[in-house]
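Chemist: Here is the input, now give the coordinates:
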Amino acid sequence: MKPPDTPPEGRPLFDHVEVAVPGAAIGPVVGLFAAGVGVLAGLPVEVTLTLALAMGGPIALLGAGYCVLLARGVFTIGSVAPLALYWLVGFPLVRLFDSYAVAQVVGSDTVLGEPLLSFLALQAMLSFGFTIGFLWLHERIAPRWLLRIRGHNPVAAALVERYMEHADHLNRRRGPQRPRRKSSNTSP
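Modeler: Numbering: from 1, shown residues only. Predicted coordinates for the structure are as follows:
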């Protein structure tokens, strides 16, 4: 499951950008969720749109960064702890940017209703939950995307190979599987 010592040949920048798509795609999902919460809370349209963009944009950039770092071998596939450290820094900064953007739109001089360190500490605690959600969603999107582009993208092909080795390792660790019983419920 070790990444190659040298990056594969190809169009390095474009290949990495293409590999970053699944992580970047999580940003708009976060933005839509933030917008949905804003609508349910009855916030004005401009505040709701600001929430969506100020959360979704930075999350998309950090998500894309995660994918590139994963492809470069900085992160191992499925590892929670290193990703939790990544979001321990990233998530509070995104939330701080989001709070600042909303304060600008509303015309408020006060960005935070609490001391900065308290705000950052709370966001750091919440970042672990975000890490789990991000990793879960990423591991559902990325392998399918990588399989789709691996034919023309050597970075994706190398990452698919690592995913396959990881899956093989997990299967060996589980041990032999018992055969599944056929369901007695046979409906036409």
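Chemist: Return the set of buried residues in the host helix or strand of Val17.
Modeler: Assessed by DSSP states H and E, Val17 sits inside helix 12-19. For helix 12-19, burial by neighbour count (16 or more other CB atoms under 10 Å) applies to 15-19. To be clear about C-beta, it is placed using only N, CA and C from the backbone, and glycine gets the same treatment.
Chemist: continuing past it, what's the next helix or strand?
Modeler: helix 21-40.
Chemist: any idea how far stretch 12-30 is from the chain center?
Modeler: Its chain's C-alpha centre and that of stretch 12-30 lie 9 Å apart, by CA atoms, centre = their mean, to the nearest Å.
Chemist: quick revisit: check the buried residues of helix 12-19 for the minimum pLDDT and say which it is.
Modeler: Minimum pLDDT for those is recorded at Asp15 (79).
Chemist: Isn't that residue up against Arg150?
Modeler: No - using CB atoms under 8 Å as the test, Asp15 is too far from Arg150 to be in contact (10.6 Å).
Chemist: Mutual contacts of these two, please.
Modeler: Ala156 (CB atoms under 8 Å, 6 or more residues apart in numbering).
Chemist: Just the closest of the buried residues of helix 12-19 to Asp98, please.
Modeler: Of all the buried residues of helix 12-19, Asp98 sits closest to Val17, with 24.9 Å by CB to CB.
Chemist: so who does that closest one touch?
Modeler: Ala64.
Chemist: quick one: the helices in this structure?
Modeler: Secondary structure of the chain (DSSP state H): helices located at 12-19, 21-40, 45-71, 80-106, 116-149, 154-174.
Chemist: For Arg72, what are phi and psi?
Modeler: Main-chain torsions, Arg72, degrees, to the nearest 10: phi -80, psi -10.
Chemist: and it, what pLDDT?
Modeler: Reported pLDDT for Arg72: 86.
Chemist: before we move on, the earlier item: return the closest of the buried residues of helix 12-19 with respect to Glu161.
Modeler: The closest of the buried residues of helix 12-19, once distances to Glu161 are taken by CB to CB, is Val19, at 13.0 Å.
Chemist: and the gap between that closest one and Ala157?
Modeler: The gap separating Val19 from Ala157 is 10 Å, by CB to CB, to the nearest Å.
Chemist: just Tyr163 next, same as before
Modeler: 11 Å.
Chemist: got a list of what Gly27 touches?
Modeler: 56-61, 63.
Chemist: Let's have these in TSV, adding distance to Asp109 and pLDDT.
Modeler: Below are the contacts of Gly27 laid out as TSV (distance: CB to CB, whole Å; pLDDT from 0 to 100):
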residue	distance to Asp109	pLDDT
Gly56	26	94
Gly57	24	95
Pro58	23	96
Ile59	27	96
Ala60	29	96
Leu61	28	96
Gly63	32	95
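Chemist: Pull out the buried residues from these.
Modeler: 56-61, 63.
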